[in-house]
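1. Give me a model of this one.
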Amino acid sequence: FNIKKVSDNQFEGTAAIDGIEVKKTIQIDTEKYLLQTKLSYSKSPQQVETYVAGDVNRDQSSSLLKRNYDKESVFVDFGTNETARKDVDPKTSKILDKDYDNVSVAAIDKHYFTLALIDKSDIAPSFSVKYDQNTSETIGTLKYVVGSGASPKFESSLFMGPKEMKLLSAVDERLTKTINLGWFDWIAKPILKLLKLFYSVVGNYGVAIILVTLLIRLILLPINISSFRSMKKMQLIQPELKAIKERYKNDPQRQQVETMNIMKQNKVNPVGGCLPMLLQLPIFVALYNVLAQSIELYQAPFMLWIRDLSLKDPYYVLPVLMGITMFIQQKLTPSAMDPAQAKAMQFMPVMFAALMVSLPSGLTLYIFVSTLFGILQQYIMTKEKTETKAVQQLISK
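-> Okay, the predicted model is just below:
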């Protein structure tokens with residue numbers, strides 16, 4: 001193309017391809033990271049192809065203990081609430097299992113940034129992606145097939161920027177889907193808005209994470225109190241349950257009936273301690289995805305040695321503190337486990353601390369503050385006097 005500058009943000013180019021004159025107009029919007037392109041032809045071509053490409057790190061391996069923020073994935077939106085997403089695998093040349101037809105948005109994105117083409121042409125293209133082993137590039141091809149006698153308009157916008165929710169929404173609402181907040185995105189999105197709201201007040205994302213954590217813990221406080229009381233009651237009736245187990249060890253059916261009677265008399269639900277925790281699981285997963293995926297934490301400092309909440313704690317202070325607080329919380333939590341199980345569970349804080357060593361410090365900060373709140377809550381709850389009929393019977397004996 002013979003390119004010439006029309007204005008500060010607009011360029012035009014012409015070329016002759018197989019006897020057809022092609023005119024390309026490019027307009028740049030630096031605020032929205034957009035490159036808007038229009039193509040016109042002196043004679044309608046039979047086929048038009050557009051390419052998008054991104055560099056790929058050959059080492060794409062990642063795990064919970066080794067995160068790869070350069071890992072690429074391919075995202076496709078068909079404009080019908082249907083999407084496709086697949087990770088790039090440098091070991092194979094083909095990435096998508098098939099060519100996708102009638103594509104409206106095609107993106108090659110990394111953890112915090114995306115390269116997305118938004119098609120605005122009269123003809124919906126097909127999309128295929130391959131990985132070039134020689135150049136270490138992911139190459140996406142959008143192919144437009146023109147019908148006989150047709151004279152379509154070819155227009156697209158290329159977004160090259162950060163996956164920030166407000167920015168993506170301003171460019172095109174469909175781009176917000178490139179932020180992968182998981183199955184519970186309907187919970188994650190309000191949490192992200194809340195995080196940004198607190199940041200607008202305090203001006204520090206570390207403090208904002210602490211405030212979001214405390215607010216979520218306060219909202220879940222009734223559920224946690226119910227769970228703690230249920231576990232405490234279960235712990236208190238353990239001597240009676242063990243006695244029943246020994247008394248009717250040769251009669252499993254009678255043993256089950258007597259066990260249920262004891263629980264009924266003392267208003268103990270065997271799943272009362274676990275169910276509230278299961279109800280909280282979607283919130284934890286959603287918050288995990290928010291803190292792990294949000295570009296808002298990218299290069300965002302907290303305090304002292306933590307200069308980037310999207311990276312691991314460089315001195316491992318937070319993972320160690322988190323492991324210590326989890327151990328303390330474990331000691332304060334009522335347990336109906338047998339001694340062998342309880343001993344095995346003592347290694348859980350160590351395992352969690354090791355797990356968090358390479359994860360974002362913002363996520364570790366959340367778990368640390370949440371655990372501190374849990375310790376305070378359980379310390380207060382242990383002072384509460386809770387007796388069951390089974391305990392009263394044992395005392396009377």
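
2. beta partners of residue 137?
-> residue 55, residue 132 (DSSP bridges).

3. Surely it touches residue 53?
-> Yes - Residue 137 lies in contact with residue 53 (C-beta atoms under 8 Å); the separation is 4.9 Å. All C-beta spots, glycine's among them, are computed from the backbone N, C-alpha and C.

4. Okay, helices next: where are they in the stretch 251-397 of the chain?
-> 252-265, 275-293, 317-332, 339-345, 348-356, 361-382, 389-396 (DSSP state H, counting those that start in this stretch).

5. Out of those, which gets nearest to residue 42?
-> Closest of the helices of the stretch 251-397 of the chain to residue 42 is helix 275-293, at 46.3 Å (criterion: C-beta to C-beta).

6. Identify all contacting residues around the closest one.
-> 111, 163, 179-185, 187-188, 191-192, 195, 209, 212, 216, 220, 223-224, 226-227, 230, 269, 297, 359-360, 362-363, 366 (C-beta atoms under 8 Å, 6 or more residues apart in numbering).

7. List buried residues within these.
-> 111, 163, 179-181, 184-185, 187-188, 191-192, 195, 209, 212, 216, 220, 224, 227, 230, 297, 359-360, 362-363, 366 (16 or more other C-beta atoms under 10 Å).

8. Let me know the distance separating the spatially most central residue of the chain from residue 136.
-> Nearest to the geometric centre of the chain sits residue 289, at 2.3 Å (C-alpha atoms, centre = their mean). Using C-beta to C-beta, to the nearest Å, residue 289 is found at 29 Å from residue 136.

9. So for the residue nearest to the centre of the chain, what's the pLDDT?
-> We have a pLDDT of 82 for residue 289.

10. what's the answer for residue 98, then?
-> 61.

11. just residue 278 next, same as before
-> 71.

12. Kindly report the same for residue 249.
-> pLDDT, residue 249: 74.

13. That one should be in a strand, yeah?
-> No - counting by DSSP: H, G, I helix; E, B strand; the rest coil, residue 249 is located in no strand; its state is coil.

14. Am I right that it is in contact with residue 255?
-> Yes - here residue 249 reaches residue 255: they are 7.2 Å apart, a contact under C-beta under 8 Å.

15. Could you check which of these two is surrounded by more residues?
-> Higher neighbour count among residue 249 and residue 255: residue 255, with 17 against 9, using other C-beta atoms under 10 Å.

16. quick one, what contacts that one?
-> Shown in contact with residue 255 (C-beta under 8 Å, 6+ apart): 244, 245, 247, 248, 249.
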